[in-house]
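J.: okay, here's the prediction I keep looking at, along with the sequence it came from:
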Amino acid sequence: KKQVYNLTVRAKDKGKPVSLSSTCYVEVEVVDVNENLHPPVFSSFVEKGTVKEDAPVGSLVMTVSAHDEDAGRDGEIRYSIRDGSGVGVFKIGEETGVIETSDRLDRESTSHYWLTVFATDQGVVPLSSFIEIYIEVEDV
């Protein structure tokens, strides 16, 4: 209901024969953090994608998507790859959830990869969830 409060604070001692006092002004800003009630949610805990081993760098592998019930910034989702054997081999669109190749693939050396993808909302106190992605490299 109110974002900023202005206070005048006065301190006074009980000195004798003369008491002393001082005054200061305080501005209190209330930061809205309790509205971010829901973390982003993926529809499952794991998903599978496939990509051919001769796919050029920048090829689409799959798209992940999470949903957040909050409105405004508390419901805006950003995606990131945080862990897994495919770190550096794949990249994700921060706003889109589109996973693409970022390196050449060779099924004979690595036939599959795992990625841990996080969805994080943009709340003052951000909430997040993650999904495990299994990517199979198809032989050509």
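T.: Nice, thanks for sending it over. Numbering: from 1, shown residues only.
J.: can you name the residues that contact residue 21?
T.: By CB atoms under 8 Å, 6 or more residues apart in numbering, residue 21 lies in contact with 10, 11, 12, 13. To be clear about C-beta, it is placed using only N, CA and C from the backbone, and glycine gets the same treatment.
J.: what ranges do the strands span in the protein?
T.: For the chain, the strands defined by DSSP state E cover 4-12, 21-29, 41-42, 46-52, 60-63, 66-67, 77-83, 90-92, 98-101, 112-121, 128-138.
J.: export the fourth one as CSV, just CAs?
T.: This points to strand 46-52. Extracted as CSV, the C-alpha positions of strand 46-52 are listed here (Å, rounded to 0.1, in the frame of the first residue of the first chain):
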residue,chain,number,x,y,z
VAL,A,46,13.5,-35.2,-17.7
GLU,A,47,13.3,-34.8,-21.4
LYS,A,48,15.0,-36.3,-24.4
GLY,A,49,16.4,-34.7,-27.5
THR,A,50,18.2,-36.0,-30.6
VAL,A,51,20.6,-34.5,-33.0
LYS,A,52,22.5,-35.9,-35.9
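J.: how much distance is there from it to the middle of the chain?
T.: 22 Å (CA atoms, centre = their mean, to the nearest Å).
J.: tilt between it and strand 112-121?
T.: Angle, strand 46-52 to strand 112-121, by axes from the mean of the first three to the mean of the last three CA atoms, to 10 degrees: 130 degrees.
J.: use 24 as the first number from now on
T.: Sounds good: first residue 24 from here, last item strand 69-75.
J.: note down every partner strand of strand 69-75 and its orientation.
T.: strand 151-161 (parallel) (DSSP bridges).
J.: just checking the distance from the strand it pairs with to the centre of its chain.
T.: The answer for strand 151-161 is 17 Å, by CA atoms, centre = their mean.
J.: stretch 124-133 now?
T.: 28 Å.
J.: against residue 31, how distant is residue 65?
T.: Taking CB to CB, to the nearest Å as the measure, residue 65 falls 51 Å from residue 31.
J.: out of the strands of the chain, nearest to residue 58?
T.: Each of the strands of the chain has some distance to residue 58 by CB to CB; the shortest is strand 135-144, at 11.1 Å.
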